[in-house]
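> pasting the sequence and the predicted model now:
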Amino acid sequence: MTKQITCPKCKEKNIKKNGKRKTENRGTLQRYKCVSCSYRFTLDDGFYRMRNSKQKVTMCIDLYYKGVSLRNVQRFLKAHFPKNSTPMSIYRWIVKYSDLVSKFTDNLEIQVGEEMMSDEMEYYRRANKYSKGREQNWFVDTFDLKNRFMISGEYMQSRTIENLTNVMRISKNKTGERVKKITTDGLQGYPRVLRKTFGVDKNYGYGFHKKPKNPDVIHNVVIASERGFNHPIERLHNTIRERTKVMRGFHGTLKSAKAIMKGFEINYNFVRGNLALNGKTPSDLATDVRFKSENRWLELIEKSI
């Protein structure tokens, strides 16, 4: 179904084609005119007023999340494109479009199994290049065991009860009543957090707490010293570490660090094939989103507009 074109100025739908606009790097763009207010415009396809082509921008994002550093992405552009882009420009594209696409992917309805896992990764961040010390941060995520789908991930300054509760509350909203078992490590905050969000209490029956709100959900605690602790979610974290270990920590604001990690989540769920799923992505099994080409970042951006 073709999306109805609306005038960005007066919001009327009485639109007609009105010539074409030639651009230096993005080709020829169709121009439209509103019959009601005579306003002329081109459609915002996610790359409105961008000086570089959509193929070039999404290629840089894809290379970055495949493990290529910003400097090496820039060297690749210098070798294959007549006009170069700086590493900072590439970084801004990554932050901008990770944030844009997340607004689409975070609101998708997902299909999950009965077991969900949660774990944390430690990170360090410098506020800027002039900072002498590094601040300890955390990445906390939840993971569907059946479809290998990262349900929710959040980069945070500290593992407070409030921050952990926010991650679990998002996971609860996405999964509804389908989750029956939640596997975590021995972090002391989890029982309290899971009681507030999923209504589960691992100590029920031992006289420590009152009856849980939802006795059908089990909190499975696996101690880190035990063999095979949270194996599937640890494999996911190893995939993320393969990329982030060469970054030597995050630089800049907490907001940009969150956007970078959100991009990892999007890339893992929608772009990167999973060997455990016979080369399919978790989104192929957990969502109704389908792609027509291999450039999935481009299609995700277009779907987000």
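Arrived safely.

> what helix or strand does the residue found closest to T244 once you drop the neighbours it is linked to in the chain sit in?
Excluding the flanking residues, the one nearest T244 by Cβ to Cβ, 6 or more residues apart in numbering is Y123, at 7.4 Å. C-betas here are computed from N, CA, C, even on glycine. For Y123, the host element (DSSP states H and E) is strand 115-126.

> quick one, strands of this protein?
15-22, 28-34, 40-42, 115-126, 135-144, 149-156, 181-184, 218-221, 250-251 (DSSP state E).

> of all these, which lies closest to H237?
strand 115-126 (5.5 Å; Cβ to Cβ).

> now do the buried residues in the closest one.
E115, M116, M117, S118, D119, E120, M121, Y123, R125, R126 (16 or more other Cβ atoms under 10 Å).

> distance from the chain centre to it, please.
Distance of strand 115-126 from the chain centroid (Cα atoms, centre = their mean, to the nearest Å) equals 14 Å.

> for the stretch 1-150 of the chain, give me the ranges with low pLDDT.
1-3, 24-25, 127-132 (pLDDT under 70).

> show me the helices in the stretch 51-200 of the chain, by range?
With helices called from DSSP state H, counting those that start in this stretch, the stretch 51-200 of the chain shows them at 54-65, 70-80, 87-105, 161-175, 190-197.

> I'd like to know which elements the second one is packed against.
Helix 70-80 is packed against helix 54-65, helix 87-105, with contacts defined by 3 or more Cβ pairs under 8 Å, 6 or more residues apart in numbering; DSSP states H and E.

> please redo it, this time with the cut-off set to 6 Å
Other elements packing on helix 70-80 under the criterion 3 or more Cβ pairs under 6 Å, 6 or more residues apart in numbering; DSSP states H and E are helix 87-105.

> list the contacts for V140?
E120, E154, V167 (Cβ atoms under 6 Å, 6 or more residues apart in numbering).

> rewinding a little: hang on, the residue nearest to T244 packs against N137?
Yes: with contact defined as Cβ atoms under 6 Å, Y123 reaches N137; the gap is 4.7 Å.

> excluding its backbone neighbours, what's nearest N267?
Per Cβ to Cβ, 6+ apart, closest to N267 is Y65, 4.1 Å.
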